[in-house]
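Novice: The following block contains a protein sequence and its predicted model.
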Protein chains: 2
Amino acid sequence: MTIELTPAVREMLKAGVELIPAIAQDAATGEVLMLAYMNEESLAITIETGRATYWSRSRNELWEKGATSGHTQKVLSIAIDCDGDALLLKVEQIEAACHTGDRTCFHREIES
Amino acid sequence: MTIELTPAVREMLKAGVELIPAIAQDAATGEVLMLAYMNEESLAITIETGRATYWSRSRNELWEKGATSGHTQKVLSIAIDCDGDALLLKVEQIEAACHTGDRTCFHREIES
């Protein structure tokens, strides 16, 4: 099964970009939860299903967030940036975004 | 002049990653402003100066955000994600992050 983007959404993407970084942000608190990547198909599936689906660069396959852990992301809105090569998803995160069990993957601060 | 990362910060980065996506988030409102890229030197300069400095992939050079527009980003904190290949900067954004004059680069919503 292949789900395709609508022409309108494809037009918003920068031509030739295969993997798009996608930021997941907690819609309620504004906390940035994680950054992962989408290709056209995973973005189309995300729009179609309302559940965040990424492209795993390490496993080279579609990855529905939470499919095994149950820690799914219900997508409330998707915005694309001015030059069409990054996405921002506002989500309802079940439990934790990070595989460590932390709410956010950005839990290590750099001393500055 | 080359500024280098401290060993502690370098250890947090995934080995071999040359360009790291960096999310800039408004520290006061939580709004996600933009996504750009850093290499080791631009991250080191950002830590050193407290002003967000990225690597421009289109111009292939260091890019101090706001150096020409005046729309600088004062960096209040930097976090690195669990697997060391993405950064989250909390910033004080002067005026607008986007070159269009919008506060955020993510001003186009996808209908879903």
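Specialist: Now that the structure is in, tell me what you want to look at.
Novice: Would you tell me whether stretch A:40-52 gets close to chain B?
Specialist: Yes. Contact between stretch A:40-52 and chain B, assessed by C-beta under 8 Å from any C-beta of the partner chain, occurs at A:47, A:50. The C-beta positions use only the backbone N, C-alpha and C, and glycine is treated the same way.
Novice: Check stretch A:16-25 too.
Specialist: Yes. Stretch A:16-25 comes into contact with chain B (C-beta under 8 Å from any C-beta), by way of A:21, A:23, A:25.
Novice: which residues does the spatially most central residue of chain A contact?
Specialist: Among the residues of chain A, the one closest to the centroid is A:Ala22, at 4.4 Å (C-alpha atoms, centre = their mean). Residues in contact with A:Ala22 (C-beta atoms under 8 Å, 6 or more residues apart in numbering or on different chains) are A:35-38, A:43, A:52, A:54, A:86-89.
Novice: re the thing from before, and which of the residues of stretch A:16-25 next to chain B is nearest B:Thr72?
Specialist: A:Ile23 (21.7 Å; C-beta to C-beta).
Novice: where's that closest one, which helix or strand?
Specialist: Here A:Ile23, judged by DSSP states H and E, is contained in strand A:20-26.
Novice: if we can go back for a sec, give me the local confidence score for the residue nearest to the centre of chain A.
Specialist: In this model, A:Ala22 is scored at 98, pLDDT.
Novice: Show me what it bridges to in the sheet.
Specialist: A:Ala36, A:Leu87 (DSSP bridges).
Novice: if we can go back for a sec, would JSON lines of the residues of stretch A:16-25 next to chain B with neighbour count and distance to A:Gln73 be doable?
Specialist: Formatted as JSON lines, the residues of stretch A:16-25 next to chain B follow (neighbours: other C-beta atoms under 10 Å in any protein chain shown; distance: C-beta to C-beta, whole Å):
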{"residue": "A:Pro21", "neighbour count": "19", "distance to A:Gln73": "16"}
{"residue": "A:Ile23", "neighbour count": "25", "distance to A:Gln73": "12"}
{"residue": "A:Gln25", "neighbour count": "26", "distance to A:Gln73": "10"}
